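[1] Next one to model:
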Amino acid sequence: MPLHALWASTEAIGSLSRPNDAPPAYIPMPNVETQIVDADGKMAARGAIGQLRIRGPHVALGYWDASRISAFPGGWYPTGGVMRQLENDRYQFVARHKDLIVRAGSNVSPMIEVERILLLHPCVIDATVLGVPDTKLGQRIVGFVHLTDDAGVALLDNILRFAFGRLADYKVPDQIYSLPLIPRNALGKIDRTALLKSI
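    Numbering: from 1, shown residues only. This next block holds a predicted model:
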């Protein structure tokens, strides 16, 4: 039996599957209802970015709150995953809702849109970006890179020019820093708190 990658959470284990022969997109498992909603909780148009909500027999009833269960409204679990529904009814992951950067009213996905471009530069070993508060833009984009041993800090301007040639202007980091290593936690996830302290 072939192995498939799963998209899941503790509250809804085994909700989406990614077949090995498909592009990076997911399909709902049997008996799993899905919907994409906008910031107001209304159904998003097909192809629009929004939060994935899931309902089904495998979904937790809600969260334990003091002495009672705080149920998910209508049984819909808000996953915190930002996705878009493709034409073939598959779902493309964009970002975690808490990681999505909103710069001057435009949504920017750190992983899908910016980090993958920074990683294309031959002197970048690892990279990440995050949004930091800004009074004019709402958030500005700050990039962090782990460079090869033979690359100097002076190369940072070159990396930004490289990004400008491949990204829309509003997606290019406003600043970029070189770090000996990109900090990660025990699960291998980016430690964003540590990154903010390094600025």
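[2] Break down this protein into its strands, ranges please.
    5-9, 12-18, 27-28, 33-37, 50-55, 62-65, 68-71, 77-85, 91-96, 101-103, 106-108, 124-134, 138-147, 175-178 (DSSP state E).
[3] Buried deepest among those strands, which one?
    strand 50-55 (a mean of 22; mean count of other Cβ atoms under 10 Å). All C-beta atoms are positioned from the backbone trio N, CA, C, and that covers glycine.
[4] partner strands of it, parallel or antiparallel?
    strand 33-37 (antiparallel), strand 77-85 (antiparallel) (DSSP bridges).
[5] Let's have the strands of the chain in TSV, adding distance to residue 43 and mean pLDDT.
    Output for the strands of the chain, formatted as TSV (distance: least, Cβ to Cβ, whole Å; pLDDT from 0 to 100):
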stretch	distance to residue 43	mean pLDDT
strand 5-9	20	80
strand 12-18	18	86
strand 27-28	16	90
strand 33-37	6	93
strand 50-55	8	92
strand 62-65	22	87
strand 68-71	21	87
strand 77-85	10	89
strand 91-96	14	83
strand 101-103	21	87
strand 106-108	18	85
strand 124-134	26	92
strand 138-147	25	93
strand 175-178	37	93
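[6] out of those, which comes closest to residue 190?
    Closest to residue 190 of the strands of the chain is strand 124-134 (Cβ to Cβ; 5.1 Å).
[7] got the contact list for that closest one?
    Contacts to strand 124-134, defined as Cβ atoms under 8 Å, 6 or more residues apart in numbering, come from residues 99-103, 108, 110, 114-115, 118-119, 139-148, 159, 173, 181-182, 190, 192, 195-196, 199.
[8] tell me the contacts of residue 161?
    Contacts of residue 161 by Cβ under 8 Å, 6+ apart: none found.
[9] so which of the strands paired with strand 50-55 gets nearest residue 20?
    Per Cβ to Cβ, nearest to residue 20 of these: strand 77-85, 19.7 Å.
[10] ok so, going back, now render the strands of the chain as a markdown table, adding distance to residue 154.
    Shown next, in a markdown table, are those (distance: least, Cβ to Cβ, whole Å):
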| stretch | distance to residue 154 |
| --- | --- |
| strand 5-9 | 40 |
| strand 12-18 | 40 |
| strand 27-28 | 46 |
| strand 33-37 | 44 |
| strand 50-55 | 41 |
| strand 62-65 | 50 |
| strand 68-71 | 53 |
| strand 77-85 | 35 |
| strand 91-96 | 31 |
| strand 101-103 | 26 |
| strand 106-108 | 26 |
| strand 124-134 | 14 |
| strand 138-147 | 11 |
| strand 175-178 | 10 |
